[in-house]
Each structure stands twice: as C-alpha cells, then as structure tokens.
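Visitor: Sequence and computational prediction follow.
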Amino acid sequence: MVINVSIAQFAITIGEPEKNLTTGLRMIEQAAAEGSSLIQLPELWVSGYDLDKCEAHSQKSLEIIDLLQGLADKHNLAIGGSYITTRDGKYFNSYLLFLPGLALPRHYDKTHLFRLLDEDIHFTPGDSLTVVDLAWGKVGLAICYDVRFPELIRAYGNRGIDCLLVAAQWGKKRSEHWRTLLSARAIENQIFIVAANAVGPIFENELAGYSAVLDPWGTPVIEADPVNPALFTVGIDLSEINQVRQTVPSKKDQRLELYKHWSDELDL
C-alpha cells in the first residue's frame, strides 16, 4: 500500500499566531491539493517558543481546534503538529493529530522536556505513549527532543507502529544529530518516520530544517534543505516494512526480559 504523506517546513515567528496560522493553513491546503493522506507540521507551529504567554497561546489552541478538524474532515487529511495546551492549571507541549470524522484530535504530551529552552520550567511532562490506528497503519506520536531517547521510540516499536510522526523545532548547531537520530530510530525499529522541523531564527540561534521522510532502512525518501520553507509530498510503500523485517529479523531477536532485568537493577 502506497500512502502520500506531506512534511511542512517553514519559519515560525515567535508570539505571532495569526502569521504562523496563515503559513500553516496554506501548506495544509497545498498538501490536500497534492492528494496527501497526512501532513506533518512543526513543533509549536502556531505560537513558537513564546513560553511566557502560555495561557494566551493555550486558549488560541482551543480556538483553532474546530478550524483544523474542519480541514481534516473536508480534505480527508490527517493533520499533525504540536501546540501549547492546558489542563488542570498545567501547561503541556502537546502533539495533536486531527483525523477525518473524529470529534476531537488524538493527543500526546511531550515526555522529554528540553531544558535549554526552559520547557521544564513552563511545561508538565507527559507520562504516556499515544498509538493511533489509521486506515493504513499504526502511528506513534513524538516531539523533537524525544528522538534522543531510544527507549521511548523502542516502546512505540514494540507496540507495533508502522510510522513515527515527529513535530520539531531542532537547532542548527545540532543538525547532524537530528539527521543521525532520525535515521537510527528508523533503523532500530524498522519503521517509517515522518518528521517536520522548522527553519529560520529561534531567539539568538537558528533552526536546522532537514525535515524528512525516512524508510525502514533509515534512508531518506525525501529530505528538505536546511534553509528554505517548503512543502514536500511523497509516497511511502508500507510493504517495505515487512521486506526489511524479513531481510533483517532483528525484532525476533530482542531479549525484552533481559533488558527489563537490567533496568530493574538500576533501581530507577
């Protein structure tokens, strides 16, 4: 089965949601016009890292839920990205996946908070994984810094996902980490990865770009450049997953009980 997926790479203006919405909505419409089944948007693509105004941005996230759900329904298009959200007086960096025909998006709260951007001060970490059954396969949801933690992605892999969806604002200084880690996570779990990063400035630094779709060999099916905004749509052939797993049956050779024993010995 071949599925068209899109990655949206663009610059995010911190604290200017209307400007960012205009850019993101244009790319959603473009993905729909190109026959995509899914579009992946970057991390905090509406607000940027305007974390001193979490309350205002969390309310904005509520305001646009109906808009994004309407677009998902209209175009029969899954729409993924991350947003500032609030529950019980706490703020989260939440991945929201809008699916056609559902009243509410599926969500995942970022479990690994990036202290270099003060996420640990402003956000509460999530404590659960989110696996979503789509018509064409199972997907897991992740946000940026999460890909540095193979344990998380392995847990998704062991729950049978076919594809990992990643929303990110990854820095240019560590751009090769981004590319290497995405490839490693795909190879380890023999899955597709659909990852959207942003470009342009973030405070005094720059973002890395290199949004990509990777196959289960860890090879980019398509990769954006490090500078330019763009929307890319590409077909992924899900039959490649079984081909890879038959060629290198590493999942059959996992020793989960042994790994758990070693983890227990650490008394974490």
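Guide: Arrived safely. Residues are numbered from 1 along each chain as shown.

Visitor: how about the strands of the stretch 151-268 of the chain, start to end?
Guide: All strands of the stretch 151-268 of the chain, identified by DSSP state E, counting those that start in this stretch, fall at 163-167, 192-196, 201-202, 205-206, 212-214, 220-223, 230-237.

Visitor: next one: the longest one to chain centre, how far?
Guide: The one in question is strand 230-237. Taking CA atoms, centre = their mean, to the nearest Å, the mean C-alpha location of strand 230-237 is offset from the chain mean by 15 Å.

Visitor: likewise the fourth one?
Guide: Between the mean C-alpha location of strand 205-206 and the chain-wide mean there is a distance of 20 Å, by CA atoms, centre = their mean.

Visitor: can you list contacts of it?
Guide: Contacts of strand 205-206 with the rest of the structure, by CB atoms under 8 Å, 6 or more residues apart in numbering, involve 171-173, 199-200. Just so you know, the C-beta spots here come from the backbone N, C-alpha and C atoms, and that holds for glycine as well.

Visitor: Which of the three states applies to Leu97?
Guide: Three-state call for Leu97 (DSSP: H, G, I helix; E, B strand; the rest coil): strand.

Visitor: got a list of what it touches?
Guide: Leu97 makes contacts with 78-80, 105-108, 130, 132, 139, 141, 165, as judged by CB under 8 Å, 6+ apart.

Visitor: Next, format the contacts of strand 205-206 as TSV and append pLDDT, neighbour count and distance to Arg148.
Guide: Shown next, in TSV, are the contacts of strand 205-206 (pLDDT from 0 to 100; neighbours: other CB atoms under 10 Å; distance: CB to CB, whole Å):
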residue	pLDDT	neighbour count	distance to Arg148
Gly171	98	19	12
Lys172	98	19	16
Lys173	97	10	14
Val199	98	25	20
Gly200	98	17	22
